[in-house]
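>>> Pasting the sequence and the predicted model now:
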Amino acid sequence: VTVKQRFDELKGPCVSLEFFPPKTEPGKRNLLARMERMCALNPLFITVTWAAGGTTAGKTLELATIAQRELNVPVCMHLTCTNMNKDIIDEALKAARDADIRNILALRGDPAIGEEWSPDADTEFKYAVDLVRYIKKNYGDDFCVGVAAYPEGHCEGEADESLQDPMRDLPYLKEKVDAGADFIITQLFYDVDKFLSFEKLVREKVSSDIPMFPGLMPINSHLLFNRAAKLSHASIPQYILDRFPASVQSDDNRVKEIGVEILIEIIEQIHEKTNGRIKAFHFYTLNLERAIAQIVAKSPTLSKILEEEDEADDEWDSDVVLQDVDSLTLDD
Ligand code: FAD
């Protein structure tokens, strides 16, 4: 099943979840067990990331294949196209197709550490749009294709953040959609107003109805929060910074609790201010489950997912479902 098909059939709010392939065998086993538990959140789809330059292509393919086979959830495999041999791209697409994976997130990618980066290089793939076109041309309807978008504008590496401007990227996002992209997942953000302005722009200038999934990263520790926001060039509004006075910054449990409250506020605001038009929320899980389980259980909008599960199965009462969700919290 494709992301687009599932989105079109969507009745209420939902989540989707991003995972990255662990390096070790025990890590992989733990993650698979965790992914299985997180299916209690009935995700619309899950995604598996792709490392720069295809350095861990095998691990991405393996995790995506097992997940597609064993979890009853559509898998979307990330695939980058620059600084990568075209053969790796074709191998990856064929392997995904053989594994019944029907969704690809088509990305440009970033240079691997220590590699030179030249967008002017004479290669077939310079931008993500080239990969979207390549997939649509050579694989037809085999894949439903997603693309990335940046509510605060895309920023190149360590480049000057003052150059970040969503308006600059917009024609290129339109190019990706016109080339056949079926859905959009955004970069993580914490500034709801910036996301809302961006969503409005996309609706006006790119597509009035393409499914768009806002990217959210739960706050698991103060250090990780700041690092992830910095790496993603996502601004943190002052009112959020103020929620983490020095006295709580080193208390991971307290930081997580505050983080859950903040994420719920973000979700509720987006849902309300878009009149429910945005109802599917994409979580960058960092392979962690606890915060997300709590966000879903406590968010007035997302907890409907658990109620629906509840109605679907007479033997489950909501307390049992919530206990299930609590049991998700054991490991992290
Ligand atoms: P593009 O859409 O190609 O855009 C890149 C830049 O080029 C933008 O600044 C854009 O404005 C500009 N541009 C585009 N087209 C043109 C043109 N024709 N002429 C001039 N300028 C142009 N990276 C990974 O390595 N692995 C992953 O698994 C991964 N997953 C991600 C998932 C999401 C949801 C997101 C948001 C990002 C992810 N990334 C991942 C990071 C991504 O690879 C980088 O952000 C990369 O720098 C840009 O990729 P893109 O697909 O957005 O590129």
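Looks like it came in fine. Keep in mind it's a predicted model, so treat the numbers as computed, not measured.

>>> contacting residues around the biggest helix by length in the chain?
Ranked by residue count under DSSP state H, the longest helix found in the chain is helix 252-273. Helix 252-273 has contacts (C-beta atoms under 8 Å, 6 or more residues apart in numbering) with 13, 190, 192, 195-196, 214, 216, 218-222, 225, 240, 243-244, 248-249, 278-279, 281, 290-291, 294-295, 298-302. C-beta here means a position set from N, CA and C on the backbone, and glycine is covered the same way.

>>> Packing partners of the following helix or strand past it?
Counting by DSSP states H and E, the next helix or strand C-terminal to helix 252-273 is strand 280-284. Judged by 3 or more C-beta pairs under 8 Å, 6 or more residues apart in numbering; DSSP states H and E, strand 280-284 is in contact with strand 14-19, strand 183-188, strand 212-216.

>>> And these: which comes nearest His233?
Smallest distance to His233 across the helices and strands packed on strand 280-284 (C-beta to C-beta): 7.9 Å, for strand 183-188.

>>> so what strands line up beside that closest one?
Strand 183-188 sits in its sheet next to strand 144-149 (parallel), strand 212-216 (parallel), going by DSSP bridges.

>>> any idea of the mean pLDDT for that strand?
Averaged over strand 183-188, pLDDT sits at 98.

>>> Now do that strand: distance to the chain's middle.
The chain centre lies 7 Å from the centre of strand 183-188; the measure is C-alpha atoms, centre = their mean, to the nearest Å.

>>> and what of stretch 174-193?
The answer for stretch 174-193 is 11 Å, by C-alpha atoms, centre = their mean.

>>> Tell me the buried residues in it?
Buried residues in stretch 174-193, counted by 16 or more other C-beta atoms under 10 Å: 174-177, 179-192.

>>> now swap in stretch 50-60 and tell me
Quick answer for stretch 50-60 (16+ other C-beta under 10 Å): 50-54, 56-57, 59-60.

>>> got the contact list for that stretch?
With contact meaning C-beta under 8 Å, 6+ apart, stretch 50-60 is reached by 21-23, 48-49, 77-80, 83-85, 88, 91-92, 107, 109-113, 115.

>>> Okay, and which of these map to helices?
Secondary structure assignment by DSSP H places 88, 91-92 of those in helices.

>>> Show the buried residues in these.
When the ones in helices among the contacts of stretch 50-60 are checked for burial by 16+ other C-beta under 10 Å, the buried set is Ala92.

>>> mean confidence score for the one helix or strand Leu170 maps to?
Using DSSP H and E, Leu170 sits within helix 166-178. Mean pLDDT, computed over helix 166-178, is 96.

>>> Also stretch 29-42?
For stretch 29-42, mean pLDDT is 96.

>>> again with stretch 285-299
In this model, stretch 285-299 carries a mean pLDDT of 97.

>>> quick one: buried residues of it?
285-297, 299.

>>> Just to be careful, could you list which of the contacts of helix 252-273 are in strands?
Using DSSP state E, 214, 216, 281 are the members of the contacts of helix 252-273 that sit in strands.
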